[in-house]
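**Student:** the following comprises the amino acid sequence and a computationally predicted model.
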Amino acid sequence: MDQEQGERELQLLLPAAASAAAAASRVLCGGGGGDAAAGLGGGGGSVDSSGGAAALDLDLSMSIGPTTRRQQPAAAVPSPSPPPPPPPVVDVRAVRQQTAEQMRQASAHRAYAERVREMARAELELAEREFARARAIWERAREEVERVERMKEIAARRLGIGPAAASAALEITCHACMQRFHP
């Protein structure tokens, strides 16, 4: 019954460290314990000679049928994983060249932006001057029209006709181009 219960329970197998644990229990308990190594599922365990500590390999298994013990050869030590590849070597000259190129491009971009700002400023000043010139021309034309209107009123009064008849009866001659206009 003890055998069946052992087969149904979760078993802890310590194949690599069984003999080391048995030796340690013998030292601590002060004597025999050769059966303890066999009871732990052992046999064939080894002690790591480099550090002096036992290498534990814990295998958990649940079985209902007869137990089978895995035998690991003592000489088969898992190979260490390869070291990670070294970080890529950064070429300092290449980094400096790249930085210098980025600085040169930034400087060229800044100079281009400054030239564009200056051109925009110059165009704005030119547009303001053109607008001022157009406003001055418009003001002169308005003053000229007002002057002509005053001359027309003066001429109508001299002829002794009313303002409504004056506009119908008068003929105006432009002294600059000598064209005749009917108001």
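**Tutor:** That came in fine, so what should we check first?
**Student:** domains in the protein, by residue range?
**Tutor:** The record's domain split for the chain, according to automatic domain parsing, is 9-62, 93-181.
**Student:** is it correct that Met119 falls within a strand?
**Tutor:** No. Met119 sits outside any strand when classified using DSSP: H, G, I helix; E, B strand; the rest coil, being helix.
**Student:** ok so, going back, and the domains of the chain, which one is worst for confidence?
**Tutor:** Between these, the one with the least mean pLDDT is domain 9-62; it has a mean of 50.
**Student:** burial of Ala156, as a residue count?
**Tutor:** 18 (other Cβ atoms under 10 Å). To be clear about C-beta, it is placed using only N, CA and C from the backbone, and glycine gets the same treatment.
**Student:** one more: Cys174?
**Tutor:** With other Cβ under 10 Å as criterion, Cys174 counts 10.
**Student:** likewise Arg158?
**Tutor:** Applying other Cβ under 10 Å, we find 9 residues neighbouring Arg158.
**Student:** that one in helix, strand or coil?
**Tutor:** Counting by three-state DSSP, the backbone at Arg158 sits in helix.
**Student:** could you measure from it over to Glu144?
**Tutor:** For Arg158, the distance to Glu144 equals 21 Å [Cβ to Cβ, to the nearest Å].
**Student:** next: Pro84.
**Tutor:** Counting by Cβ to Cβ, the gap from Pro84 to Glu144 is 91 Å.
**Student:** in terms of neighbours, single out the busier of those two.
**Tutor:** Shown here are Pro84 and Glu144; by other Cβ under 10 Å, Glu144 has more neighbours (10 against 6).
**Student:** please name every helix or strand in contact with the strand or helix carrying that one.
**Tutor:** Element membership for Glu144 (DSSP states H and E) is helix 92-159. Contacts defined by 3 or more Cβ pairs under 8 Å, 6 or more residues apart in numbering; DSSP states H and E place helix 92-159 against helix 163-169.
**Student:** ok, 10 Å please
**Tutor:** Here helix 92-159 touches helix 163-169, strand 172-173, going by 3 or more Cβ pairs under 10 Å, 6 or more residues apart in numbering; DSSP states H and E.
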